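# Output the structure for:
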Amino acid sequence: MSKAVITGSGIVAANGVGHDAFWTSLMSMRSGIVRVDRYGELSEAGLLVGQVRGFDPAAVMRTDVRKASRHSRTTQMAYAAAFEALQEADARGAQPLAREAEWHVLIGVSLGGLHVFEREITEMLSKGRQRMPPSGMASVNLNSSTLIRDTFGLKARVGALTNTCVGGLDAIRQAAGEIRRD
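From the prediction side, this is the model:
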């Protein structure tokens, strides 16, 4: 039975993007929870939300804004976290990314990408189209796993576990089980 270890992690959170920013906010006891109005603008009487600010998906994805916007915000953030995790693993001396190895890119999500799906359905219905354009599929939870696989050139199966807030923990549990079973 193989041993399962976590060699790197990536953080995209309301109180910090990246390990350093996240850790600094934790040590300063700074919350990422803010009040916003219904348009997402800061408001004294608004709703309490955790909102990731200062995240530039085009910069993280090393592409232009138009190409980055094809992906849901969930996919953009998953990519950023995966990229940071791979950099951390490399910095810690983990085995190099063997692209020819058999991989399984598994993402744990809650309701990621629904806004993209809703936007595409609304546009489809308003314009009388009979099918959803390919960009509408950017909301499918597998898009995050697929983007990571394709960007890093991995020979991999892709998967997504959709189980509310514990989706990420479920993904770690399933991945550890797969590693232990070789």
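# how much space between the most centrally placed residue in the chain and V166?
Closest residue to the average C-alpha location of the chain: A78 at 1.6 Å, with Cα atoms, centre = their mean. A78 sits 16 Å away from V166, going by Cβ to Cβ, to the nearest Å. The way it works is simple: take the backbone N, C-alpha and C, and place the C-beta from them, glycine included.
# Now stretch 112-129: buried residues?
Buried residues in stretch 112-129, counted by 16 or more other Cβ atoms under 10 Å: G112, G113, V116, F117, E120.
# Dump those residues to a markdown table, plus pLDDT and secondary structure.
Output for the buried residues of stretch 112-129, formatted as a markdown table (pLDDT from 0 to 100; DSSP: H, G, I helix; E, B strand; the rest coil):
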| residue | pLDDT | secondary structure |
| --- | --- | --- |
| G112 | 70 | coil |
| G113 | 71 | coil |
| V116 | 73 | helix |
| F117 | 74 | helix |
| E120 | 77 | helix |
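# Would you agree V34 falls within a strand?
Yes - the assignment for V34 (DSSP: H, G, I helix; E, B strand; the rest coil) places it in a strand.
# where exactly do the helices run in this protein?
19-27, 57-61, 65-68, 73-91, 114-127, 142-151, 167-180 (DSSP state H).
# Output the lowest mean pLDDT helix or strand found in this structure.
Lowest mean confidence among the helices and strands of the chain (mean pLDDT, DSSP states H and E): helix 114-127, at a mean of 79.
# CA atoms of it as CSV?
The C-alpha trace of helix 114-127 is given here as CSV (Å, rounded to 0.1, in the frame of the first residue of the first chain):
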residue,chain,number,x,y,z
LEU,A,114,-23.7,28.4,-11.8
HIS,A,115,-23.6,32.1,-12.8
VAL,A,116,-22.0,31.2,-16.1
PHE,A,117,-24.6,28.5,-16.8
GLU,A,118,-27.4,30.9,-15.9
ARG,A,119,-26.0,33.6,-18.1
GLU,A,120,-25.8,31.2,-21.1
ILE,A,121,-29.3,29.8,-20.6
THR,A,122,-30.8,33.3,-20.3
GLU,A,123,-29.0,34.4,-23.5
MET,A,124,-30.0,31.2,-25.3
LEU,A,125,-33.7,31.7,-24.4
SER,A,126,-33.7,35.4,-25.2
LYS,A,127,-32.1,34.8,-28.7
